[in-house]
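K.L.:
missing the sequence, but the structure's below:
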């Protein structure tokens, strides 16, 4: 699976679709080293705009702006093409960056197109006063998927269907399609090396181990310090070391706080900061109309499942990441508000994941290492969802499993399930 060639990313299929974005600026947010800059340069090259890449970490770009706030106009017009694309990379690190973008867009929206790439702050600023309302569309770029690795042509995801019958029919049409050996190979490589491009393409165990060690330190020591005032960086790293053993269960923040000898509110704040940096993400419990259901405790996963222990925990984390990225993508594409949950009762009956669209459950997923016997909670999920039964999947880490059960329920190999998601 080694390659030096560019891997087309799924987000390209909709982030640059003018029927979705109009002429708004395209904001592309995602974790460090996920490939945003490579995508941006490739997009410019494809559109004949290669010289119009401006990285605001580069002092020459900042000096050009100070000398002339319209420094990008002449290079753009000199290309002699209609609607040239201009990329501003890492501009969110500069003071008054929103005002810079607002000025550029208001002057040139009818003539130029703008792609803005960045990470935590690019996604974070929407929570405060936003001077760019009505001028941009935000999209998320996540790490590699099996579809991207195998360069599988983009097809509509069955979760796009809003009618329950069409949803089931769309799944029926796609789930039985032949699965290539490349998809299985891609799955195995991603499970072992993680979904970030550099360690995955290298496929060397020592390199991957070192890369992942350094990545944690870079994000905590540089990015976390950049977006917050957290001073106890060593304890934040210790928090990340505690999480892997707790991946498959709701996280007890008081217990973690006790081990770290800090307040539980401090741990909650740290987790939120790490979420904004795309290191971890949370899954809320689904508690609506669930007797004795958990209501508060979140489950936490790494965006890069490499950090989860090998075996059942890594498998569940991988499935969680795929479902999470699919929810983000479907929401970004305007199909609805997709959210990922889990279901667990006080007597420990549990379904690993519930996908809801606009607060209506449409998909239930249980993850097993090898057991193809249908789990009882998944089989009996109608008692929790009597009004509209979500599709059911039991995902197993065994090859060539594809079994259909009553009530729109399937037992499938994990690589087949992953091929159905975005």
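P.N.:
That came in fine, so what should we check first? As the structure is a computational prediction, the values presented were derived from the model and not from experiment.

K.L.:
and residue 365, helix, strand or coil?
P.N.:
Classification of residue 365 using DSSP: H, G, I helix; E, B strand; the rest coil returns strand.

K.L.:
Give the bridge partners for it, please.
P.N.:
Applying DSSP bridges to residue 365 yields these beta-bridge partners: residue 353, residue 393.

K.L.:
count of residues packed around it?
P.N.:
Residues near residue 365, counting by other Cβ atoms under 10 Å, number 24. Where you see a C-beta, it was placed from the backbone N, CA and C, and this is true even at glycine.

K.L.:
residue contacts, it?
P.N.:
Neighbouring residues of residue 365 by Cβ atoms under 8 Å, 6 or more residues apart in numbering: 319, 323, 351, 352, 353, 354, 355, 392, 393, 394, 395, 417.

K.L.:
If we use 6 Å, what do you get?
P.N.:
Contacts of residue 365 were listed using Cβ atoms under 6 Å, 6 or more residues apart in numbering, and they are 352, 353, 393.

K.L.:
Distance of it relative to residue 200?
P.N.:
Here the criterion is Cβ to Cβ, to the nearest Å. By it, residue 365 lies 24 Å from residue 200.

K.L.:
returning to that earlier point: between the contacts of residue 365, which is nearest residue 289?
P.N.:
The shortest gap between residue 289 and any of those belongs to residue 353, at 17.9 Å (Cβ to Cβ).

K.L.:
Quick check: that closest one vs residue 367, distance?
P.N.:
Distance, residue 353 to residue 367, by Cβ to Cβ: 8 Å.

K.L.:
now, among the contacts of residue 365, which is nearest to residue 242?
P.N.:
Closest to residue 242, out of all of those and judged by Cβ to Cβ, is residue 352, at 21.3 Å.

K.L.:
Please name the residues that touch the closest one.
P.N.:
342, 365, 366, 367 are the contacts of residue 352 under Cβ under 6 Å, 6+ apart.

K.L.:
any idea of the mean pLDDT for stretch 32-44?
P.N.:
Across stretch 32-44, pLDDT averages out at 96.

K.L.:
Please read the previous query as pertaining to stretch 294-302.
P.N.:
Here the average pLDDT along stretch 294-302 is 89.

K.L.:
can you check stretch 65-77 too?
P.N.:
97.

K.L.:
And it, what's buried?
P.N.:
65, 72, 73, 76 (16 or more other Cβ atoms under 10 Å).

K.L.:
Surely the second one is in contact with residue 84?
P.N.:
No: the pair residue 72 and residue 84 does not pass the contact test of Cβ atoms under 6 Å, sitting 9.5 Å apart.

K.L.:
Now do the strands in the stretch 101-250 of the chain.
P.N.:
113-118, 136-140 (DSSP state E, counting those that start in this stretch).

K.L.:
can you list those strands in JSON lines and add distance to residue 100 and mean pLDDT?
P.N.:
Below are the strands of the stretch 101-250 of the chain laid out as JSON lines (distance: least, Cβ to Cβ, whole Å; pLDDT from 0 to 100):
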{"stretch": "strand 113-118", "distance to residue 100": "10", "mean pLDDT": "95"}
{"stretch": "strand 136-140", "distance to residue 100": "13", "mean pLDDT": "94"}
